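Peer 1: Build the 3D model from these lines:
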Amino acid sequence: MLRLRSILKSKLLLALLLSGSFMCGGAVLSCETATIESGDGANVCLDQFPSILDATCYLEKENKTQAQLDWGTKDCREPRAIREEIKDANKAMALAVTLSPNSPQIAFSMDAYKTWKDFNDAYALDRCKELAISKRVDLSQYPCVLVGRQTNRRNLMRSSFSQQEITDFLKAIDQSIKIASHGNNFEKQTTIPDDPVESKLGGVDVSAGLGPNGSCQSASIRSSDGSLICLDNFPMIVERKCRESGYAIRAYRGIGNLGSGYQVQDCDGTTFLEDINKVSKRIVLFASETPQGIFYSFAVDGAWDSRPITERLAEERCRQYLSEKYVDQREHPCNLIGKSSASNPRVLLSDKQAVEIKNLLSKLHEEIVNPKTIGAADLNDQLHQELLNQLTEEREEIAAQRRSAEEERQRLEREYERALEEIEKEKLRIAEQERQIQESLNESDAYVDDRKRVALLIGNSHYRTLPKLLNPSNDVQSMRRALMKASFDVSVYENLDLRGMQDTLRAFGELLDEETVGLFYFAGHGMQFEGKNYLVPVDENIIKPYELQTAALDLSLVTNTLKYASNDLNIVILDACRNNTLAASRGGDRGFAAVSAAEGIFIAFSTAPGQAALDGAGENSPYTKYLARAIESSSNVSIEALFKQVRAQVMDETKKQQIPWENSSLLGEFRFK
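Peer 2: Residues are numbered from 1 along each chain as shown. Okay, here's the model as predicted:
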């Protein structure tokens, strides 16, 4: 592969190009056109490459052929030779080339203003890239390089390449023009060689084998054993006329009135040779050798991005020919003979050996020249009739099978519709049964509680010496709303001192008669000392832990008030022990001590014995938040199940740092709603 200067220095080009020297070492005595001064101080005169200089400037709107040298100038106004343009000494010049395997490209850039030479450098490179892309050149492997650029001296370009490298560039371009010109600068060969001859440029096939006139004008097939077979050697194949009725080439002429010709997607009335010579085309070849003759199918496509389509069209067309002649395709299938390579569309890569390809093409060529005939015409007619009868029987059998299948399909559809109707009826019947069962369950399970419900809620936030709490005031209000929806008469008190807590508890106890359910709720600081639990009032001034006995409300006073009331169901909810580390600093033990509930009392703690409860970062503590929500949304849920639900939610939010706990001695059933 050719790559930039580092690969050029390998001298691979020099070994594979024509022998002889075209350079002028040292100073040039006379250079009619232009001279390139190399990086090593030598000169190369463009006069030594007439094929380059005689190439014609083309206008953007003009059509180009492969034999022309592509080059571009900013001020090209009419077709004229490069030699004439260069001789205009006022021009500023730049030269860029790429040595691609398909066809080396050269791009000049000229301008009447010398001060624009930097622009001409870029223009020459851009033009070279544009030409290379139009010829499907992989610029990552064969990049455009700037060979020379104009200096202030008349008709002199300077280059960073060596004299030998520049000469190799120009030799390759010169040789490419000669090859593309189909022998204009070679002696014509009068005979077709027995074996194809490889002509290479830098190790890559350019002509892809020699044809009658010294090059391969159409396309060649590279066999699996490395030989090249040029289709020019089979003129009766490549000179078939295009037919405008399809997408593949039919180069067969034989039995009956089949005619001959080929079909291409962009058929324009040209021969196969003329159309395949457009190197941007992609080519695929299928063939089948049958007793009736050789069927040969090409597909030529100008759309580069439709390779699978081209191959499929060629194969389908070949199969169609075989079907028309009733050929058994299991014994004589269509075989892929070759398809275009990625680097050169006119080189068809094949997995067949050279002798197989030559024999196939030779037989096809002979059949086109001397069409095969069958001595007994009635034999063909008899075969035709037998195959036609067989085909008719098969068609009738298929039609009968289709009718039977259609009848079976209709029968199954009718059964399916009846089954759907039965399923819908069964669904309605089951739904009605479920509705009746649910109504019966609702009637039997309806919870009726005619007892009066009273609740005392105390929330202490603003403590004298202990840290103030943010949420107890919010907590008692949230509980008030939830309990009122559960039919409780609610009394709410905030920031009570010890005397206030004692008085409100005494008044609450007097409300509890035989037909009453009582609920006591406290949110604030709570501590324990010597196994007893205390609810701390806001006027506390506790210095020593034993002062809790006289400065705080003993929890046993609450439980005894409820225990000795005349009713049989009471609830105590304590969301206390908050910031318990502060309580411990004053000598109190961590959290509340375990408490046994007296008969008929349900006690709920926001956290387990010996643990502290969180005040919470939101408007409520985690415990009261979920408890209030559970009461509001509960429906026919037992008190035990409700508090179990709250425990799971608090543990999930606090990552199990806080585990609510209950102790119950209830004998009857209680539900908030």
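
Peer 1: domains for this protein, by residue range?
Peer 2: 4-180, 206-369, 374-446, 453-664 (automatic domain parsing).

Peer 1: Bridged to the residue lying closest to Lys358 once chain neighbours are set aside, which residues?
Peer 2: Spatially, and ignoring its direct neighbours in sequence, Lys358 is nearest to Ile229 (6.0 Å; C-beta to C-beta, 6 or more residues apart in numbering). (C-beta placed from N, C-alpha, C; glycine too.) Ile229 has these beta-bridge partners by DSSP bridges: Ile221.

Peer 1: where does Asp328 fall, phi/psi-wise?
Peer 2: Phi and psi for Asp328, reported as degrees, to the nearest 10, are phi -70, psi 100.

Peer 1: Poorly predicted segments of the stretch 451-600 of the chain, please.
Peer 2: 578-590 (pLDDT under 70).

Peer 1: do you know which of the domains of the chain lies nearest Lys673?
Peer 2: Closest of the domains of the chain to Lys673 is domain 453-664, at 5.2 Å (criterion: C-beta to C-beta).

Peer 1: give me the number of residues near the residue nearest to Lys358?
Peer 2: 27 (other C-beta atoms under 10 Å).

Peer 1: That one contacts Asn359, correct?
Peer 2: No - using C-beta atoms under 8 Å, Ile229 and Asn359 do not qualify as a contacting pair, with a distance of 10.6 Å.

Peer 1: What is the longest helix of the protein by residue count?
Peer 2: helix 377-445 (DSSP state H).

Peer 1: Who are the packing partners of it?
Peer 2: Helices and strands touching helix 377-445, as assessed by 3 or more C-beta pairs under 8 Å, 6 or more residues apart in numbering; DSSP states H and E, are absent.

Peer 1: could the domains of the chain go into CSV alongside distance to Phe672?
Peer 2: Listed next are these as CSV, based on distance: least, C-beta to C-beta, whole Å:
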stretch, distance to Phe672
domain 4-180, 78
domain 206-369, 73
domain 374-446, 15
domain 453-664, 4
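
Peer 1: out of those domains, nearest to Phe670?
Peer 2: The nearest among the domains of the chain, by C-beta to C-beta, is domain 453-664 at 4.8 Å.

Peer 1: distance between the ends of that closest one?
Peer 2: End-to-end distance of domain 453-664 (C-alpha to C-alpha, to the nearest Å): 19 Å.

Peer 1: Use 52 as the first number for this chain going forward.
Peer 2: Sure thing, new numbering starts at 52, so read that last one as domain 504-715.

Peer 1: circling back to that earlier point, helices and strands around the helix or strand following the longest helix of the chain, which ones?
Peer 2: As assigned by DSSP states H and E, the chain's next helix or strand after helix 428-496 is strand 503-510. In this structure, strand 503-510 makes packing contacts with helix 523-536, strand 540-545, helix 549-561, strand 567-574, judged by 3+ C-beta pairs under 8 Å, 6+ apart.

Peer 1: rerun that using 10 Å as the cut-off
Peer 2: With contacts taken as 3 or more C-beta pairs under 10 Å, 6 or more residues apart in numbering; DSSP states H and E, strand 503-510 sits against helix 523-536, strand 540-545, helix 549-561, strand 567-574, strand 621-626.

Peer 1: So what's the residue count around the nearest residue to Asp105 once chain neighbours are set aside?
Peer 2: Leaving aside its chain neighbours, Asp105 sits nearest to Ala132 (5.5 Å; criterion: C-beta to C-beta, 6+ apart). For Ala132, the tally of surrounding residues (other C-beta under 10 Å) stands at 16.

Peer 1: Repeat that for Glu691.
Peer 2: Neighbour count for Glu691, taken as other C-beta under 10 Å: 14.

Peer 1: Would you mind giving the helices and strands packed on strand 503-510 as CSV with distance to Asn395 and mean neighbour count added?
Peer 2: Formatted as CSV, the helices and strands packed on strand 503-510 follow (distance: least, C-beta to C-beta, whole Å; neighbours: other C-beta atoms under 10 Å):
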stretch, distance to Asn395, mean neighbour count
helix 523-536, 84, 21
strand 540-545, 94, 16
helix 549-561, 101, 16
strand 567-574, 89, 24
strand 621-626, 87, 24
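
Peer 1: Looking at the ones you listed, which is nearest to Val499?
Peer 2: strand 567-574 (13.5 Å).

Peer 1: For the next helix or strand after that closest one, C-alpha coordinates in CSV please.
Peer 2: Scanning forward in sequence from strand 567-574 by DSSP H and E, the next helix or strand is strand 577-580. These are the backbone C-alpha positions of strand 577-580, laid out as CSV (Å, rounded to 0.1, in the frame of the first residue of the first chain):
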residue,chain,number,x,y,z
GLY,A,577,-38.6,11.9,78.4
MET,A,578,-36.0,10.2,80.7
GLN,A,579,-35.6,7.3,83.0
PHE,A,580,-34.0,6.9,86.4
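
Peer 1: Would you tell me what the next helix or strand after strand 577-580 is?
Peer 2: Criterion used, DSSP H and E; the element after strand 577-580 is strand 583-586.

Peer 1: could I have that following strand exported to CSV, CA atoms only?
Peer 2: The C-alpha trace of strand 583-586 is given here as CSV (Å, rounded to 0.1, in the frame of the first residue of the first chain):
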residue,chain,number,x,y,z
LYS,A,583,-38.8,4.6,86.3
ASN,A,584,-39.8,6.7,83.3
TYR,A,585,-40.5,10.5,83.5
LEU,A,586,-42.2,13.0,81.1
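
Peer 1: elements contacting that strand?
Peer 2: Secondary elements touching strand 583-586 (3+ C-beta pairs under 10 Å, 6+ apart): helix 549-561, strand 577-580, helix 599-602, strand 604-605, helix 606-614.

Peer 1: ok, it: who's next to it in the sheet?
Peer 2: In the sheet, strand 583-586 lines up with strand 577-580 (antiparallel), strand 604-605 (antiparallel) (DSSP bridges).

Peer 1: any chance of those strands in TSV, plus distance to Gln708 and mean neighbour count?
Peer 2: Formatted as TSV, the strands paired with strand 583-586 follow (distance: least, C-beta to C-beta, whole Å; neighbours: other C-beta under 10 Å):
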stretch	distance to Gln708	mean neighbour count
strand 577-580	18	25
strand 604-605	27	18
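
Peer 1: would you list those strands in TSV and tack on distance to Lys695?
Peer 2: Formatted as TSV, those follow (distance: least, C-beta to C-beta, whole Å):
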stretch	distance to Lys695
strand 577-580	23
strand 604-605	29
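
Peer 1: Glu713 is nearest to which of the ones you listed?
Peer 2: strand 577-580 (16.1 Å).

Peer 1: Tell me the bridge partners for the residue nearest to Asp105.
Peer 2: Going by DSSP bridges, Ala132 is paired in beta bridges with Thr107.

Peer 1: Chain neighbours aside, what residue packs nearest to Ile345?
Peer 2: Leu415 (4.6 Å).

Peer 1: CA atoms only: put the helix or strand harbouring that neighbour into CSV for me.
Peer 2: Taking DSSP H and E as the definition, Leu415 sits inside helix 405-420. This file holds the C-alpha atoms of helix 405-420, laid out as CSV (Å, rounded to 0.1, in the frame of the first residue of the first chain):
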residue,chain,number,x,y,z
ALA,A,405,-8.4,-19.9,-13.7
VAL,A,406,-9.0,-23.0,-15.8
GLU,A,407,-12.6,-23.3,-14.7
ILE,A,408,-13.3,-19.6,-15.5
LYS,A,409,-11.5,-19.8,-18.9
ASN,A,410,-13.5,-22.9,-19.9
LEU,A,411,-16.8,-21.3,-18.9
LEU,A,412,-16.1,-18.1,-20.8
SER,A,413,-14.8,-19.9,-23.8
LYS,A,414,-17.9,-22.1,-24.1
LEU,A,415,-20.2,-19.1,-23.7
HIS,A,416,-18.2,-17.2,-26.3
GLU,A,417,-18.4,-20.1,-28.7
GLU,A,418,-22.2,-20.5,-28.2
ILE,A,419,-22.7,-16.8,-29.0
VAL,A,420,-20.7,-17.2,-32.2
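
Peer 1: In that helix, which residues are buried?
Peer 2: Buried residues in helix 405-420, counting neighbours by 16 or more other C-beta atoms under 10 Å, are found at Ala405, Glu407, Ile408, Lys409, Leu411, Leu412, Lys414, Leu415, His416, Glu418, Ile419.
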